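[1] build me a model:
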Amino acid sequence: MTASQQFNAWYRAARPRTLTATYVPLGVAAAVALRDGVFEPLK
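    Numbers count the residues shown, from 1 in each chain. Model (predicted):
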């Protein structure tokens, strides 16, 4: 397997089209928790 094929396999496995659908709700929830004062990422 060449380096290009390895990268292509990794890229397809990462499913970049769905990353937005994963991280946007997490960001919104973190922002709401931060606003409410219950978000403590370092605790």
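
[2] helix or strand: which one has the residue nearest to the spatial centre of the chain?
    Nearest to the mean C-alpha position of the chain, by Cα atoms, centre = their mean, lies residue 23 at 4.4 Å. According to DSSP states H and E, residue 23 maps onto helix 16-36.

[3] figure out how far that helix is from the centre of its chain.
    Put simply, helix 16-36 sits 8 Å off its chain's centre (Cα atoms, centre = their mean, to the nearest Å).

[4] ok, and what's touching it?
    With contact meaning Cβ atoms under 8 Å, 6 or more residues apart in numbering, helix 16-36 is reached by residue 39. Where you see a C-beta, it was placed from the backbone N, CA and C, and this is true even at glycine.

[5] only alpha carbons, please: show that helix as CSV.
    The C-alpha trace of helix 16-36 is given here as CSV (Å, rounded to 0.1, in the frame of the first residue of the first chain):
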residue,chain,number,x,y,z
PRO,A,16,-15.1,14.5,6.7
ARG,A,17,-18.6,15.1,5.5
THR,A,18,-20.0,14.1,8.8
LEU,A,19,-17.5,15.9,11.1
THR,A,20,-19.6,19.1,11.0
ALA,A,21,-22.7,17.1,12.2
THR,A,22,-20.6,15.8,15.0
TYR,A,23,-18.9,18.9,16.3
VAL,A,24,-21.6,21.6,15.9
PRO,A,25,-23.9,20.2,18.5
LEU,A,26,-20.9,19.7,20.9
GLY,A,27,-19.9,23.3,20.4
VAL,A,28,-23.5,24.5,21.0
ALA,A,29,-23.8,22.4,24.1
ALA,A,30,-20.4,23.7,25.4
ALA,A,31,-21.4,27.3,24.8
VAL,A,32,-24.7,26.9,26.6
ALA,A,33,-23.0,25.1,29.5
LEU,A,34,-20.4,27.9,29.6
ARG,A,35,-23.1,30.6,29.6
ASP,A,36,-24.9,28.8,32.5
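
[6] where does the prediction get shaky in the chain?
    By pLDDT under 70, the chain has no low-scoring segment.
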